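Student: Pasting the sequence and the predicted model now:
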Amino acid sequence: MPSFEDARSIIINSVAPLGVERVDLLSALGRVIAEDVTAPWDMPFYDNSAMDGFAVRTSDCLEGNCTLKVTGYIPAGGAVTPAIEPGSAVRIMTGAPIPADCDAVVPVEETEERDGAVFLKEKVTPRQHIRFRGMDVCRGETIITAGTVIHPPEISMLASFGKAVVPVFRRARVAVLSTGDELIELGEPPADGRIINSNALSLAAAIREIGAEPIILGIARDNRESHLEKMIEGLKADALITSAGVSAGDRDLVRDCLAELGVGQLFWKVDMKPGGPTAFGVKDGKPVFSLPGNPVSTMVTFEEFAKPALLRMMGHKRVIKPYVKATLREDARKKPGKVHFLRVRIEVENGRYWASISGDQNTGILKTMVRANAIAVLPKDRTAVAAGEEVDVHLLRGDVDMLEG
Ligand SMILES: Nc1nc2c(c(=O)[nH]1)N[C@H]1C(S)=C(S)[C@@H](COP(=O)(O)OP(=O)(O)OC[C@H]3O[C@@H](n4cnc5c(N)ncnc54)[C@H](O)[C@@H]3O)O[C@H]1N2
Ligand code: MOO
């Protein structure tokens, strides 16, 4: 039986980035760019003013206390003007092109203007307050390297170079299959012996949260035909995630049916709790995750196993969540022999993470998962971790260390 880390490595090494598509720039947000992008021109494209003020020739004002005749006005977006007469200045706005021969801009605060002339109160240094052509980026320079995740700064850079359409790795289309005769769909009335198919929705939400595209297949009933029919559909997607029907129950058909469809199982059962019965297989390069049915186990195994793989398929390089250290506020007990994924609530005090156990750790208890914002990973051989000890934690939410405002 693989350890949690080995199981995760097997999964990550079984998948590769999907193909590339070209999308409009804003749709590239959060996606991974698939090719290096080079600058088609210099940026800035022309010498321009960094200040509202006056464009001058420093040779006209080598001494302080210089007065120049104001001979023109260039707003941002104004045309590039020819050289100016010696002894003159041109009023200029931020971003406007610098006239030929001018080699400095004097901010308006450092001037006094009267009777068509401008008096410069301070000494002027050559090149001051000019943004020169190519100062930021030179033509041919790589502006974004392949493998970069697109955030607002990358959008800004790509937009600045006219890149309206960009090549990004495809979003994974992920089929979600729930299994079990006890399941009913959301909206159907509750009844004894029936359980609402919440896993389809929590998985779809988690898939969407990482920028992939969920395809909810519905419920496979506890017979071979129903499983095969839904699985055949699911194998058309880029990845298939099933929930339940994967432990030792006499109606746990998932693994047999996947095998019948040619999915090669790479492991079944992992040395961890929850998530012990997880299975993983591959068909024609497509990963198939068989997650346990308890909603908590489904979510934890998605987070730890499916998410890194799906991110890799979408071109991400950093797919393994790092551990952060947190100090336990209370004693935690566990059975030896398995790594335990403990639902905890993290609080940040003076820059340190503190972890409280979020409640009953039975995998059937969902509210403990709702309260948790992190998972503490307790080592296999420990039977207890004492209050005050540091543990490794996987944060589950991006706002864990945000402060209330
Ligand atoms: N004899 C053994 N029994 C069990 C073992 C074992 O090793 N030997 N493992 C236990 C563990 S750990 C888990 S986890 C569960 C997982 O079993 P399955 O993945 O086969 O899931 P089911 O038994 O079908 O369902 C478990 C539980 O989850 C509920 N469920 C299922 N699907 C959904 C869904 N789509 N939405 C919401 N809830 C769902 C289901 O009704 C059950 O209550 O097995 C233990 N047993
Ligand atoms: O592995 Mo089960 O997933 O402990 O509840």
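Tutor: That came in fine, so what should we check first? Numbering: from 1, shown residues only. Ligands and ions are numbered 1, 2, ... in the order given.
Student: tally of neighbours for the one residue in the chain that gets nearest to ligand 1?
Tutor: Using Cβ to the nearest ligand atom, residue 293 is the residue of the chain that sits closest to ligand 1, at 2.8 Å. (Each C-beta comes from the backbone N, C-alpha and C, glycine too.) Applying other Cβ atoms under 10 Å, we find 24 other residues in the vicinity of residue 293.
Student: Now do the contacts for it.
Tutor: Residues in contact with residue 293 (Cβ atoms under 8 Å, 6 or more residues apart in numbering) are 179, 180, 199, 243, 244, 245, 246.
Student: Weed out the non-buried ones from the residues you listed.
Tutor: The neighbour count (16 or more other Cβ atoms under 10 Å) marks 179, 180, 199, 243, 244, 245, 246 as buried among these.
Student: Now do the helices in this protein.
Tutor: 4-13, 152-160, 198-209, 224-234, 254-260, 295-301, 307-313, 367-371 (DSSP state H).
Student: quick check: mean pLDDT across the third one?
Tutor: For helix 198-209, mean pLDDT rounds to 98.
Student: what does that helix contact?
Tutor: Counting by Cβ under 8 Å, 6+ apart, 172, 174, 176, 178, 186, 213-214, 216, 218-219, 241, 243-244, 291, 293, 295, 298-299, 302-303, 306-307, 310 sit against helix 198-209.
Student: tell me the pLDDT at residue 249?
Tutor: Value listed for residue 249 in the pLDDT field: 69.
Student: before we move on, back to that, which of the contacts of residue 293 fall within strands?
Tutor: 179, 243 (DSSP state E).
Student: Turn the contacts of residue 293 into JSON lines, columns for distance to residue 338.
Tutor: Listed next are the contacts of residue 293 as JSON lines, based on distance: Cβ to Cβ, whole Å:
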{"residue": "179", "distance to residue 338": "25"}
{"residue": "180", "distance to residue 338": "25"}
{"residue": "199", "distance to residue 338": "22"}
{"residue": "243", "distance to residue 338": "21"}
{"residue": "244", "distance to residue 338": "20"}
{"residue": "245", "distance to residue 338": "22"}
{"residue": "246", "distance to residue 338": "17"}
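Student: Residues of the chain that sit close to ligand 2?
Tutor: 273, 274, 275, 276, 277, 292, 294, 297, 363 (Cβ under 6 Å from any ligand atom).
Student: which residues touch the fourth one?
Tutor: Going back to what we said before, that points to residue 276. Going by Cβ under 8 Å, 6+ apart, residue 276 touches 247, 269, 270, 292, 338.
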